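# Have a look; sequence and predicted model below, questions after that.
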Amino acid sequence: MNSNQDLKTGIRKRKRRWIPYVGVALLIAAIVAGMWPKPMPVETGRASVGLLRASIDEEGKTRIKDRFVVSAPVTGQLRRIPFKPGAEVQARETILAIIDPLAPTLLDTRSRSLAEASRDTAAANLEKARITHGLAKSELKRFEKLFGDKTISIQELETVQTREASGAKDLAAAESALRQAEAELVQFTSNSTTNASTPVEVRVPASGRILRLFEESSRAISTGAPLAEIGDPTNLEIVIETLSRDGAAIAPGTKVELEQWGPGTILEARVRLVEPAAFTKVSALGVEEQRVNVVADFVSPVELWRNLGDNFRVEAKIIVWENEKALKVSSGALFRHGQDWAAFVMSDERAHLRIVKIGRTSGSETQVLDGLKEGDEVILYPGDRIHDGQRVKRIKI
């Protein structure tokens, strides 16, 4: 009985001796497990085949193609214009304004006196020119007779001939000056005054709407003074300012999409021309940029953009390249590796470096020409924390 108890006591003592060793082994295992590299959590995406576009995104504005500025044809008193901006007008039918011309005699009594004096002066100069020319002709006849008798030299005869020709030209000039003075005096006759008092109706040259009124109230105006600006709001074009280097890559016929113009509808347009001259513009950061205007025409039906007017702002997306079956990945998966582009492909829970060849980009997505295939899972935004062969695990966003 005592021997059995001693045996059990010995077994218990031997078990107690192994407890410290087991604890040390567990501690070492825990330290090793804690220091063992854990898989790096990463975001992933997949290479896919689909539509990819390369575009130039800039702000633009609408502009009426044909604008007409109606000006006053005569000097006079403008009657009050009964229209407001936005009013519809019809070509050659709508009377935009009425001008009461001021009578020339009432305007310029002094001018009439000056015109009469100019006429009298011109008549006196004409009479003087006739006398001078008559004397030159008589002298020429006398010298021609003397030259026939060989009394004078040829040089003396040529001098008199020149004097007679000059007198003839002076006579012609004096006659023209008299006719001009008489024509200027005609405007002060009674018949001219009566006709000038007839009101002049100013009709619009084209159908459309009044965009702007330069003069609305009654006032005295001079010839050529602008009265109103007229245009057709349904005949719009889009003007887009782009960097000159981008404008050089845009060809007529390029597709344009217009956003942020009002309703959520995307409007379509086509580039008609890239203006041949660029201009310098200072950006919001204070940098001088060479910019050029790209002009586009609407393709969408006018019913969709009828509420647009002149100088309305739009967001334009000029599609310079498009492929409906492009192999593409998120641009965040690509990075520079030496002189090449590369991406990390996730396979067997590890990251594998792939050298790729890229093509066009839309900004958020990039075309892959070589190095990847459809369905490859790539690591997004790897940075410096991922290296080739590293264990990784995907996380859900």
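Received the coordinates, thanks. Numbering: from 1, shown residues only.

# for the closest residue to residue 308 other than its chain neighbours, phi and psi?
Among residues not flanking residue 308 along the chain, residue 62 sits closest, at 5.4 Å (C-beta to C-beta, 6 or more residues apart in numbering). (C-beta placed from N, C-alpha, C; glycine too.) The phi and psi values for residue 62, taken as degrees, to the nearest 10, are phi -80, psi 160.

# so what's residue 62 up against?
The contact partners of residue 62, by C-beta atoms under 8 Å, 6 or more residues apart in numbering, come to 236-239, 308-312, 314.

# residues contacting the residue lying closest to residue 41 once chain neighbours are set aside?
Of all residues not flanking residue 41 in the chain, residue 395 sits nearest, at 4.7 Å (C-beta to C-beta, 6+ apart). For residue 395, the contacting residues are 41-43, by C-beta under 8 Å, 6+ apart.

# Relative to residue 186, how far out is residue 395?
96 Å (C-beta to C-beta, to the nearest Å).

# for residue 67, same thing?
As judged by C-beta to C-beta, residue 67 and residue 186 stand 38 Å apart.

# most residues in a single helix of this protein, which one?
Once the chain is assigned using DSSP state H, the helix that runs over the most residues is helix 109-148.

# what helices or strands is that helix leaning on?
Judged by 3 or more C-beta pairs under 8 Å, 6 or more residues apart in numbering; DSSP states H and E, helix 109-148 is in contact with helix 104-107, helix 154-186.

# To residue 215, which of those helices lies closest?
Distances from residue 215 to each of the helices and strands packed on helix 109-148 were compared by C-beta to C-beta, and the smallest falls on helix 104-107, at 20.0 Å.

# Where in the chain is the helix or strand with the lowest mean pLDDT?
The helix or strand of the chain with the lowest confidence, counting by mean pLDDT, DSSP states H and E, is helix 190-196 at a mean of 48.

# State the helix or strand in which residue 329 lies.
Here residue 329 is covered by strand 313-330, with elements defined by DSSP states H and E.

# Give me the distance from that strand to the chain's centre.
Its chain's C-alpha centre lies 21 Å from the corresponding centre of strand 313-330 when counted by C-alpha atoms, centre = their mean, to the nearest Å.

# Would you mind writing the CA trace of it as PDB?
What follows is the C-alpha trace of strand 313-330 in PDB, where atoms were taken according to Å, rounded to 0.1, in the frame of the first residue of the first chain:
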ATOM      1  CA  ARG A 313     -21.600  78.200 -68.900                       C
ATOM      2  CA  VAL A 314     -21.200  74.500 -69.700                       C
ATOM      3  CA  GLU A 315     -18.700  71.700 -68.800                       C
ATOM      4  CA  ALA A 316     -17.300  70.300 -72.000                       C
ATOM      5  CA  LYS A 317     -15.700  66.900 -72.500                       C
ATOM      6  CA  ILE A 318     -13.900  66.700 -75.800                       C
ATOM      7  CA  ILE A 319     -13.400  63.000 -76.700                       C
ATOM      8  CA  VAL A 320     -10.100  62.800 -78.500                       C
ATOM      9  CA  TRP A 321      -9.900  59.000 -78.500                       C
ATOM     10  CA  GLU A 322     -12.400  56.100 -77.900                       C
ATOM     11  CA  ASN A 323     -12.200  52.300 -77.800                       C
ATOM     12  CA  GLU A 324     -15.100  50.100 -76.900                       C
ATOM     13  CA  LYS A 325     -13.000  47.000 -76.400                       C
ATOM     14  CA  ALA A 326      -9.900  48.200 -74.600                       C
ATOM     15  CA  LEU A 327      -8.200  46.200 -72.000                       C
ATOM     16  CA  LYS A 328      -8.000  48.600 -69.000                       C
ATOM     17  CA  VAL A 329      -7.100  48.800 -65.300                       C
ATOM     18  CA  SER A 330      -7.500  51.400 -62.700                       C
END
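
# Quickly run through the sheet partners of it, with directions.
Each strand that pairs with strand 313-330, with its direction, by DSSP bridges: strand 48-64 (antiparallel), strand 255-259 (antiparallel), strand 365-370 (antiparallel).

# got the domain boundaries for the protein?
Taking automatic domain parsing as the domain assignment, the record places the domains of the chain at 40-51+326-394, 56-63+233-324, 67-103+197-231, 105-195.

# Same list (those) but as TSV, adding distance to residue 28.
Formatted as TSV, those follow (distance: least, C-beta to C-beta, whole Å):
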stretch	distance to residue 28
domain 40-51+326-394	23
domain 56-63+233-324	58
domain 67-103+197-231	87
domain 105-195	116
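
# Lowest average confidence across these, which one?
Lowest mean pLDDT within those: domain 105-195, at a mean of 79.

# and residue 69, that's in a strand?
Yes: according to DSSP: H, G, I helix; E, B strand; the rest coil, residue 69 belongs to a strand.

# Tell me which residue lies nearest the centroid of this structure.
Nearest residue to the geometric centre of the chain (C-alpha atoms, centre = their mean): residue 293, 3.3 Å.

# Show me what it is bridged to.
Applying DSSP bridges to residue 293 yields these beta-bridge partners: residue 241.

# 730 is where my numbering starts, stick with that
Okay, residue one is now 730; in that scheme the one you just asked about reads as residue 1022.

# what's near enough to touch it?
Residues 968-970, 1003-1004 are the ones in contact with residue 1022 under the rule C-beta under 8 Å, 6+ apart.
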